[in-house]
Each structure stands twice: as C-alpha cells, then as structure tokens.
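A.B. asks: this one's sequence-less:
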C-alpha cells in the first residue's frame, strides 16, 4: 500500500515541475502542488496495480493542472507574467543556465495544453506507454504529440 509520504518522497520534485508547467506565479504554483497532492491522497484507495503508480500520480496531477489553467484563465484574461529566477545571483555560467531553463519553462507554458502535457511527462522520463496511460492516449498518439511539441518548442525558442 502506498502512502502519501512515499509518493511525496518519490514524486515530489517531479510533481513540483509539473505544477511549474501549469503555473508561473510561485504562490499559485505552491497552491496547485498542494491541490495535486490532496487529490492524489484522496484517490490512493482506488489504486489497484502497483505497476501503474507513476501514470496514476501524473494523471491526477495533470488533471488538476488542467482544471487550474481553466480556472486561472477565467480569472486572469490576457495577463502576462514572467517567472522570477528561483536562484540568487551566481557566477556567469549558472546565470546562463538559469536563463535557458527559464526560457524553456516559459516556452513550455506557451504550448497548447495537449503538447504541454506530453512534453512535461517526457521531461520527467516517462515512457510513451506510461504517458499514454497517464493521459488516456495510444502510444502512437503520444509519439505524434511529442514530435509536434518538440517542433513547436524549437520554433518558440528560435523566435526569442
């Protein structure tokens, strides 16, 4: 039997990154992460197969993320925000890397939701099979979305 503590220890950083792909504002991102964890905790009794834990966790997280985006979109029509750097000033190489990471996260947030979902899970190193289970897609559909998401990311990053 999985506990919320085990899930936080195993998937906590990944869930924080998933929340980051849906929300730029730090306080709202933390709230979203808490919503994700609460939803996972409430759904744990329904988990039947230990092999499907990762898709189970990420499916719930992404569903909460989608709900959050829809709710926030209604609340913040046309608002533009820039994610502040999470790290204090460091040597030049660290700043360059932090800038690249920030640009990538900003570009991911600009992707259409279906592409944002798959690319976030790819970055969490889930297989196409696990991504398909998480999002209710066929493996081939996951491959198509990943390919299109990568293409759009390249364009978004090139345009900057």
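C.D. replies: Great, that's in hand. For clarity, every value in this text was computed on a predicted model and none was experimentally measured.

A.B. asks: low-confidence ranges in this protein?
C.D. replies: 49-51, 73-90, 160 (pLDDT under 70).

A.B. asks: Find the nearest non-adjacent residue to the most centrally placed residue in it, please.
C.D. replies: By CA atoms, centre = their mean, the chain has its centre lying nearest to residue 18, at 2.3 Å. Distance criterion CB to CB, 6 or more residues apart in numbering; nearest residue to residue 18, sequence neighbours excluded, is residue 61 at 4.9 Å. (Each C-beta comes from the backbone N, C-alpha and C, glycine too.)

A.B. asks: Quick check: the residue nearest to the centre of the chain vs residue 68, distance?
C.D. replies: 11 Å (CB to CB, to the nearest Å).

A.B. asks: just residue 140 next, same as before
C.D. replies: According to CB to CB, residue 140 stands 29 Å off from residue 68.

A.B. asks: In terms of neighbours, single out the busier of the two.
C.D. replies: residue 68 (19 against 10; other CB atoms under 10 Å).

A.B. asks: So for the one helix or strand that one maps to, what gets flagged as buried?
C.D. replies: Using DSSP states H and E, residue 68 sits within helix 53-75. Across helix 53-75, burial judged by 16 or more other CB atoms under 10 Å covers 53-65, 68-69, 72.
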